[in-house]
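Visitor: Fold the following and give me the result.
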Amino acid sequence: MLNGIETFSSLKKDQKVAVGLLSIGTFLEYFDLMLYIHMAVLLNTLFFPESDPYVASIITAFSFCSTFLLRPFGALIFGYIGDNFGRKNTVVITTFLMSASCLVMATLPTYAEIGYSAAILVTICRIVQGMSSMGEKVGAELYITESTKPPARYPLVASVNVLSSVGATAALAIASIFTMYNLNWRMAFWFGAGIALIGSVARTALRETPEFVDAKRRVAENIKELGGNLELAKAKAVWKEKVPFKTTISYFFLQCARPVCFYFVYVHCSNILTHTFHYSPEQVINHNLLVSIVDLCGLTFFMYLSYYVYPLKIVKIIAIIFTLSLVFVSYGLANISSPFQLMLVQCFFVVFAIDTSPAAPIFLIHIPVFKRFTYSTFLYAVSRALMYFVTAFAFVYFTDKYNNYGLLIIMIPVIIGFFYALFHFEKLEKEAGNYY
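Guide: Numbering: from 1, shown residues only. The predicted model follows:
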């Protein structure tokens, strides 16, 4: 871990520029990624055939999961680029891909025009968006982690999560405006494609992270000392650092929690609003916009708090509150009688959702530098692909069989894994002398 401390006032100009570009880029990327998700109640009826409520829930789950299906392959590709050619190249490429896929979706014919080809093409676009977003958020967090020092590092990395939430909230706001005034939904995707392209060009001004450059320098020195023998240098250099199995599995468990909370709040509850309270797509989007604003406020508060309170403690307290309240939330969910009551449950979930933020840099820093991008993005991708797939179809099955108490069946194993991971990284921090 980098030595010393760093306050906001001591940040260099290039650090401030990097944080600004990465934060804005993350906002743009997540605006594009979440635009379809939050407009799915409208767009799924355009790109998929009509069906009864149960089948419609399956289609919703499928269209949602398609975004995360091939993320692990994207993680391997962008992880290799990030660990071998630099963090900067990765974030530029992923932003450009997001722009291209958004552009295709803006011009794509509907199911009524070309039949099942529309469903296939929109699914491919969602897969590309999911793959490109893979190197985006983790790449931005990693870049800032390697470019700054505590305590400024914690809120700066957490700002990536906040800006991704701002992007999602903006996507919801745009979706709300377009449905409220019956505007052409394609204009929203044209707008998304344009701002992603601008973000991609802007990021070419980034410099490579100091820690990655320093690691590359040490490798070059090793090769020179060994007479140019690359294979022998690789055997002795930081390339050969291994990631312990417990660290690998712990990082994976940490990443499994957020997908369950997100799917419940924004997808499952949307189905409840549609089928139980007979909300229109416009009403669902407006309802979720208010929830998203609460989500943003919660993330911003914990980001600010992480500058003064050790982030692992913040994450642990949030996890304890969430766990103790889960039974009461499940009971309340089973007895809601109005959309407002449902919104209260959603707001609780978004504020106290168990997640890695604002402690993400603590987890990342315990992965060796030349494995960091590949491991973090791949584990992030696999956790998302697995948990969104399991959660989406599990919610359909368990809530149909056990009503809203099915939430407990899904959440309890996730919570156990999350606490196991927290204790592991807490132990690593104490051994490194960083725990306070």
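Visitor: all contacts plus neighbour counts: C-alpha atoms, from now on.
Guide: Will do.
Visitor: For the residue nearest in space to the middle of the chain, which non-adjacent residue is closest in space?
Guide: Nearest to the geometric centre of the chain sits Lys137, at 6.3 Å (CA atoms, centre = their mean). Nearest non-adjacent residue to Lys137, counting by CA to CA, 6 or more residues apart in numbering: Thr26, 6.4 Å away.
Visitor: Is it correct that that neighbour is in contact with Val162?
Guide: No - the pair Thr26 / Val162 is not scored as a contact, 9.3 Å apart, by CA atoms under 8 Å.
Visitor: The two: which has the busier surroundings?
Guide: Ranked by neighbour count (other CA atoms under 10 Å), Thr26 and Val162 place Thr26 first, with 32 against 27.
Visitor: ok so, going back, show me what contacts the residue nearest to Lys137?
Guide: By CA atoms under 8 Å, 6 or more residues apart in numbering, the contact list for Thr26 reads 136-137, 140, 160, 163-164, 167.
Visitor: Against Thr94, how distant is it?
Guide: Computed as CA to CA, to the nearest Å, the Thr26 to Thr94 distance reads 11 Å.
Visitor: which residues do these two both contact?
Guide: Counting by CA under 8 Å, 6+ apart, the common neighbours of Thr26 and Thr94 are Glu136.
Visitor: Which helix or which strand is home to Leu69?
Guide: Using DSSP states H and E, Leu69 sits within no helix or strand.
Visitor: Pro361 now?
Guide: Element membership of Pro361 [criterion: DSSP H and E] is helix 360-364.
Visitor: what packs against that helix?
Guide: Judged by 3 or more CA pairs under 8 Å, 6 or more residues apart in numbering; DSSP states H and E, helix 360-364 is in contact with helix 116-147, helix 153-180.
Visitor: how about whatever helix or strand comes next after the last one: buried residues?
Guide: Reading on from helix 153-180 to the C-terminus, the next helix or strand found by DSSP H and E is helix 185-202. Of the residues in helix 185-202, those with enough neighbours to count as buried (16 or more other CA atoms under 10 Å) are 185-186, 188-197, 199-200.
Visitor: follow-up on the earlier one: please, which helix or strand holds the residue nearest to Lys137?
Guide: Under the criterion of DSSP H and E, Thr26 resides in helix 13-38.
Visitor: Taking helix 153-180 as reference, get the angle to the following helix or strand past that helix.
Guide: Per DSSP H and E, the first helix or strand lying C-terminal to helix 13-38 is helix 40-47. On the basis of axes from the mean of the first three to the mean of the last three CA atoms, to 10 degrees, helix 40-47 is oriented at 60 degrees to helix 153-180.
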